[in-house]
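Provided below are the primary sequence and the corresponding predicted coordinates.
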Amino acid sequence: MKIQENISLKPFNTFGIDKKAQFFTKSSSVEELKEALSWAKSKNHSILILGGGSNILLTKDFQGLVIKVELKGIQVLLEDENHLVVEVGAGEIWHDWVMYALEKNWAGLENLSLIPGTVGASPMQNIGAYGVEIKEVFHSLTALNKETLEMETFDSAACKFGYRESVFKHELKDQYIITSVRFRLSKTPHFHVEYGAIQDVLREKGIEELSIRDVSEAVIQIRQSKLPDPKEIGNAGSFFKNPTIPAGQFEKLKLDFPNLPGYPGEGGVKVPAGWLIEQAGWKGKRLGDVGVHAKQALVLVNYGKGTGEEIKSLSEQVQASVRTKFGIELNPEVNFI
Ligand code: FAD
Ligand code: EPU
């Protein structure tokens, strides 16, 4: 185990925020993870688990040990005529795994193409895009209990998946390190192409016999057209979750804002936060070196030298505007450190 001291985390978060880790290590096996945990415990250091750093906002230097999870490996555990169960190491890059499955013609992940980050972080917020969430292809996961150093298995029910939610963000927050995830994929595709934008791309391309590769390529095209590439402009994707409001509140708001979009949500109407932020006048606004993306108002960006504190302050100003104009509370999707 190699522990580095006083390391800049700038290369390890997609916002490109230049905060430091007091101690930093990379773990590529369960043994290394246990060693790192034991070392931190013996010194009474706190711990931050890091995957690809694509869903965090660093607002301060981290006092303690940052562990970057790099466990690799892809293994078929079960296979029958129609399905497979595949185990994937937590440190595998999510999009590489999606492309691997696509090559093998295993269906189920195609709508989730091009999401940044690691496989190990994917259950944390039940990643989702274009009508599919990982809970639909999830079989189970293995996680290391940080306190007992025992390995534990969680099935889908135990993960308590919801929209951008899991048990690991709530009751079990900071208690486990996910080491591998098992997916149940299909040999025959079940297409999810209800999203208008996907249909538009497929129509444009004149595709007649749909394949999972077509769906993946359509999703990639749509994502590239509106989401900034973190290699060019620092960001963490959607900064806030799309809020769900009571049906009565939605109907009342419709009287003042007839164009307000809304979709059936868990116990109410889900409203696109991007629309609310754009209507509140924030789309494309820049404050110093941070701002609201010009093509997607739900994405806050760092143009280069922005700080975590500046992004945080911008996010609070956006929340205040939306609260004042619509009476709706926006909750961050991004994890503040
Ligand atoms: P990190 O940012 O490294 O970590 C996120 C959280 O998980 C932290 O709290 C961390 O401590 C914890 N964590 C990480 N790995 C582990 C582990 N192995 N065990 C325990 N805890 C862990 N998300 C979507 O759902 N849908 C999208 O369409 C989407 N689009 C995006 C587009 C862009 C351009 C960007 C930058 C982000 C987007 N995201 C999207 C958000 C992000 O990609 C996902 O949340 C992703 O799963 C984060 O993975 P990560 O490895 O980077 O996690
Ligand atoms: N909209 C605007 N202005 C904007 C942006 C959006 O009016 O600037 C409105 C439009 O009405 C549009 C609607 O919002 O039709 C939805 O926009 P979009 O399809 O871009 O999706 P989103 O709701 O903004 C969500 C996820 C994304 C995911 C896409 C595709 C959340 C918080 N975000 O974004 O996930 O990729 O749908 O499924 O649910 C992420 O979590 O980081 C992320 C990027």
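Alright, I've got the coordinates. All of these numbers come straight from a predicted model, not from anything done at the bench. Ligands and ions are numbered 1, 2, ... in the order given.

for the rest of this, base every contact and every neighbour count on C-alpha atoms.
OK.

up against ligand 1, what does the protein have?
14, 48-56, 69, 90, 115-118, 120-122, 124, 127-129, 176-179, 227-230, 235-237, 335 (C-alpha under 6 Å from any ligand atom).

any idea how far Q75 is from L84?
Relative to L84, Q75 is positioned 10 Å away (C-alpha to C-alpha, to the nearest Å).

helices or strands next to the lengthiest strand in the chain in the packing?
Secondary structure of the chain per DSSP state E: the longest strand is strand 176-186. Secondary-structure packing of strand 176-186 (3 or more C-alpha pairs under 8 Å, 6 or more residues apart in numbering; DSSP states H and E): strand 83-89, strand 138-145.

dump those to CSV, plus mean neighbour count and mean pLDDT.
Below are the helices and strands packed on strand 176-186 laid out as CSV (neighbours: other C-alpha atoms under 10 Å; pLDDT from 0 to 100):
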stretch, mean neighbour count, mean pLDDT
strand 83-89, 21, 98
strand 138-145, 20, 98
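
could I get the average pLDDT for the longest strand of the chain?
Across strand 176-186, the average pLDDT comes to 98.

can you identify the element that follows that strand toward the C-terminus?
As assigned by DSSP states H and E, the chain's next helix or strand after strand 176-186 is helix 196-205.

and the angle for whatever helix or strand comes next after that following helix with helix 196-205?
For helix 196-205, the succeeding helix or strand toward the C-terminus, using DSSP H and E, is helix 212-226. Angle, helix 212-226 to helix 196-205, by axes from the mean of the first three to the mean of the last three C-alpha atoms, to 10 degrees: 110 degrees.

quick check: angle from the longest strand of the chain to strand 83-89?
Orientation of strand 176-186 against strand 83-89 (the same axes, to 10 degrees) gives an angle of 150 degrees.

next up, the contacts around I198.
For I198, the contact set (C-alpha atoms under 8 Å, 6 or more residues apart in numbering) comprises V215, A218, V219, I222.

again, 6 Å this time
Counting by C-alpha atoms under 6 Å, 6 or more residues apart in numbering, I198 touches A218.

pLDDT at it, what is it?
95.

phi and psi next, for the residue of the chain positioned farthest from its centre.
Distance to the chain centre peaks in the chain at L255, reaching 34.2 Å (criterion: C-alpha atoms, centre = their mean). When quoted as degrees, to the nearest 10, the phi and psi of L255 stand at phi -70, psi -40.

straight-line length of stretch 157-175, end to end?
End-to-end distance for stretch 157-175, by C-alpha to C-alpha: 18 Å.

give the buried residues for it.
Neighbour counts over stretch 157-175 (16 or more other C-alpha atoms under 10 Å) mark C159, K160, F161, R164, E165, S166, V167, F168, K169 as buried.

what's the span of stretch 118-130 from first residue to last?
With C-alpha to C-alpha as the measure, stretch 118-130 spans 19 Å from end to end.

touching that stretch from outside, list them.
Counting by C-alpha under 6 Å, 6+ apart, 51-52, 90-94, 111-112, 133-134, 164-166, 168, 178 sit against stretch 118-130.

dihedrals phi and psi, L300?
Dihedral angles for L300 - degrees, to the nearest 10 - are phi -90, psi 140.

that one contacts A294, doesn't it?
No - L300 lies out of contact with A294 (C-alpha atoms under 6 Å); the separation is 9.6 Å.

looking at those two, which has the bigger crowd around it?
Per other C-alpha atoms under 10 Å, whichever of L300 and A294 has more neighbours is L300, with 31 against 19.

what's near enough to touch the closest residue to that one other than its chain neighbours?
Computed as C-alpha to C-alpha, 6 or more residues apart in numbering, the closest residue to L300 that is not its neighbour in sequence is V292, at 4.6 Å. Shown in contact with V292 (C-alpha under 6 Å, 6+ apart): K283, G284, K285, L300, V301.

do the same with V88
G73, I74, S180, V181.

isn't the third one up against S140?
No - at 8.8 Å, S180 and S140 do not qualify as touching, with contact defined as C-alpha under 6 Å.

sheet partners, orientation included, of the helix or strand bottoming out on mean pLDDT in the chain?
None of the helices or strands of the chain scores lower by mean pLDDT, DSSP states H and E than strand 263-265, at a mean of 91. Each strand that pairs with strand 263-265, with its direction, by DSSP bridges: strand 268-270 (antiparallel).
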